[in-house]
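> sequence unknown, structure follows:
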């Protein structure tokens with residue numbers, strides 16, 4: 001006999017997650033929904049469709065008897081990277097999808113939501129519940145990506161339009177100074193206990209750490225300005241060779257969204273162009289920049305295991321924090337069969353781990369074991385710098 005669980009809390013969770021995605025998009029104009037300025041940015045309309053496709057494809061088709069697919073072409077349009085689920089529009093072409101229209105995508109969401117309400121009228125099987133919870137967390141990931149993509153779209157509009165006149169949510173009080181010392185020894189890393197986590201957090205295991213110290217606060221705009229003014233972007237000695245090539249080939253002179261206007265540094269926020277506040281944490285830097293700044297200071301970035309071991313010693317969650325760690329599987333990691341197995345494991349190459357969360361991470365979606373990951377040059381995500389040193 002299949003064990004079932006109460007569906008009401010799951011339905012509430014589902015409704016809440018789905019509503020927040022649409023709330024994020026509410027201030028947008030229709031023209032904003034379809035823009036794809038660069039390959040790694042997806043149009044907001046595509047996010048709305050893809051997160052809906054996830055529930056339709058992985059839940060409704062398998063678990064709701066008699067479910068009629070909204071449009072068979074949408075599997076091709078809104079599949080992201082799931083090879084096991086068929087052909088798809090390549091990522092660079094998402095901005096060419098003038099059809100389906102924005103209105104049609106919202107109708108698609110409403111159609112799938114109605115079917116999900118029907119599915120969740122009764123308790124789910126454990127397999128279906130697992131996929132539902134994963135789907136909600138998957139949509140929360142896309143909510144954060146939505147913020148980043150919207151900011152990139154508007155922040156690269158020559159008029160620098162504001163997404164909203166409200167506080168951009170990127171400011172923070174003055175950062176604490178100093179370092180917390182951590183003794184050498186054996187620590188444990190990885191998720192344990194009840195609740196949701198991704199498969200890349202599983203496999204709790206022991207790690208040995210040499211004595212180290214980790215900064216109590218994040219590197220600030222003012223501190224990073226000192227690096228710029230000292231010629232940090234012009235001195236190869238601070239940079240990895242690959243990072244130095246990146247600086248030269250792309251004429252990098254400052255963090256993403258920074259603009260020197262009439263001799264003063266400003267940066268684009270979702271509230272529009274704002275003056276740089278020296279006490280706020282620096283955001284939108286690549287791993288290359290984070291590592292170069294650390295080298296300029298005679299320090300380094302922490303490993304992901306050093307970060308996790310000390311996470312209860314400092315405040316985190318305003319921006320993702322680059323670590324020195326390569327994104328690799330934990331001991332015993334195995335990919336499950338089917339599309340769910342494509343979620344994390346196949347990306348464990350040539351990427352760096354970031355720890356923490358950001359101002360745009362949905363409530364309840366962060367934990368100290370969460371392993372975010374991006375390629376070293378990426379900086380459109382809200383990423384910052386916490387320094388460390390070996391004792």
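Cool, the structure landed. Every value quoted in this text rests on a predicted model; they were computed, and no experiment measured them.

> In contact with residue 155, which residues are there?
Contact analysis of residue 155 by Cβ atoms under 8 Å, 6 or more residues apart in numbering lists 257, 268. In short, each C-beta sits where N, CA and C put it, glycine included.

> Report the helix or strand with the lowest average pLDDT across the protein.
helix 74-78 (a mean of 93; mean pLDDT, DSSP states H and E).

> Quick check: buried residues in that helix?
Neighbour-count burial for helix 74-78 flags 74-75, 77-78 (criterion: 16 or more other Cβ atoms under 10 Å).

> Let's have those residues in TSV, adding distance to residue 292.
Formatted as TSV, the buried residues of helix 74-78 follow (distance: Cβ to Cβ, whole Å):
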residue	distance to residue 292
74	44
75	43
77	40
78	38
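
> low-scoring stretches of this structure, by residue?
Scanning the chain for pLDDT under 70 picks out the ranges 1-7, 167-173, 342.

> Mind jotting down where the helices sit in it?
For the chain, the helices defined by DSSP state H occupy 8-25, 44-55, 61-63, 74-78, 102-119, 126-155, 221-229, 241-250, 287-296, 304-310.

> what does the third one contact?
This means helix 61-63. By Cβ under 8 Å, 6+ apart, the list of residues contacting helix 61-63 from outside reads 67, 69, 119, 124-125, 128.

> One more: the fifth one?
By Cβ under 8 Å, 6+ apart, the list of residues contacting helix 102-119 from outside reads 11, 14, 18, 22, 30, 33-34, 45, 48-49, 52, 55-56, 59-60, 63-64, 67, 70-71, 74, 100, 128.

> Just want the angle from that helix to helix 126-155.
Counting by axes from the mean of the first three to the mean of the last three Cα atoms, to 10 degrees, helix 102-119 lies at 160 degrees to helix 126-155.

> related to what we said a few turns ago, just the buried residues out of the contacts of helix 61-63, in ChimeraX syntax.
To isolate the buried members of these in ChimeraX, using 16+ other Cβ under 10 Å:
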select :67,119,124,128
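
> Tell me which two of the contacts of helix 61-63 sit farthest apart.
69 and 125 (21.1 Å; Cβ to Cβ).

> coming back round to it: format the contacts of helix 61-63 as a markdown table; extra columns: distance to residue 191.
Below are the contacts of helix 61-63 laid out as a markdown table (distance: Cβ to Cβ, whole Å):
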| residue | distance to residue 191 |
| --- | --- |
| 67 | 33 |
| 69 | 35 |
| 119 | 28 |
| 124 | 23 |
| 125 | 24 |
| 128 | 22 |
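
> between the contacts of helix 61-63, which is nearest residue 95?
residue 69 (25.0 Å).

> Please report how far residue 80 lies from residue 113.
The gap separating residue 80 from residue 113 is 20 Å, by Cβ to Cβ, to the nearest Å.

> Residue 344 too?
27 Å.

> contacting residues around residue 90?
Counted by Cβ under 8 Å, 6+ apart, residue 90 has zero contacts.

> Next: residue 216.
By Cβ under 8 Å, 6+ apart, the neighbours of residue 216 are 175-180, 313-314.

> Only whichever of those are buried, select them in ChimeraX.
To isolate the buried members of the contacts of residue 216 in ChimeraX, using 16+ other Cβ under 10 Å:
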select :175,179,314
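
> Switch the contacts of residue 216 over to TSV; also include distance to residue 303.
Listed next are the contacts of residue 216 as TSV, based on distance: Cβ to Cβ, whole Å:
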residue	distance to residue 303
175	21
176	21
177	22
178	20
179	15
180	15
313	15
314	16
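
> returning to what we had before: which one's more surrounded, residue 80 and residue 113?
A count of neighbours by other Cβ atoms under 10 Å puts residue 80 above the other of residue 80 and residue 113, at 19 against 16.

> surely that one meets residue 50?
Yes: using Cβ atoms under 8 Å, residue 80 is in contact with residue 50, at 5.8 Å.

> re the thing from before, out of the buried residues of helix 74-78, who's nearest residue 304?
Among the buried residues of helix 74-78, residue 78 lies closest to residue 304 (Cβ to Cβ), at 31.9 Å.

> Now that closest one. Nearest residue, chain neighbours left out?
residue 53 (3.8 Å; Cβ to Cβ, 6 or more residues apart in numbering).

> Enumerate every residue touching the one you found.
Here residue 53 is in contact with 74-75, 78-79 (criterion: Cβ under 8 Å, 6+ apart).

> Quick check: residue 148 vs residue 44, distance?
Separation of residue 148 from residue 44 (Cβ to Cβ): 11 Å.

> quick one on the thing from earlier: of the helices of the chain, which approaches residue 361 most closely?
helix 126-155 (5.5 Å).

> angle of that closest one against helix 8-25?
Using the same axes, to 10 degrees: helix 126-155 against helix 8-25 is 10 degrees.

> Name the residues of helix 126-155 that are buried.
Buried-residue list, helix 126-155, by 16+ other Cβ under 10 Å: 128-129, 131-140, 142-155.

> Likewise for stretch 13-32?
Buried residues in stretch 13-32, counted by 16+ other Cβ under 10 Å: 13-14, 17-18, 20-21, 24-25, 28, 32.

> closest to residue 363 among these?
For the buried residues of stretch 13-32, the nearest to residue 363 is residue 20 (9.0 Å; Cβ to Cβ).

> My guess is that closest one contacts residue 361. True?
No: under the criterion of Cβ under 8 Å, residue 20 makes no contact with residue 361, lying 12.0 Å away.

> Next, show the common contact partners of these two.
Counting by Cβ under 8 Å, 6+ apart, nothing touches both residue 20 and residue 361.

> re earlier: return the member of the contacts of residue 53 nearest to residue 380.
residue 78 (21.5 Å).

> Contact partners for the closest one?
46, 49-50, 52-53, 88.

> Recalculate using a threshold of 7 Å.
Applying Cβ atoms under 7 Å, 6 or more residues apart in numbering to residue 78 gives the contacts 49-50, 53.

> could I get these as CSV with distance to residue 372?
CSV is the format used below for the contacts of residue 78 (distance: Cβ to Cβ, whole Å):
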residue, distance to residue 372
49, 24
50, 19
53, 23
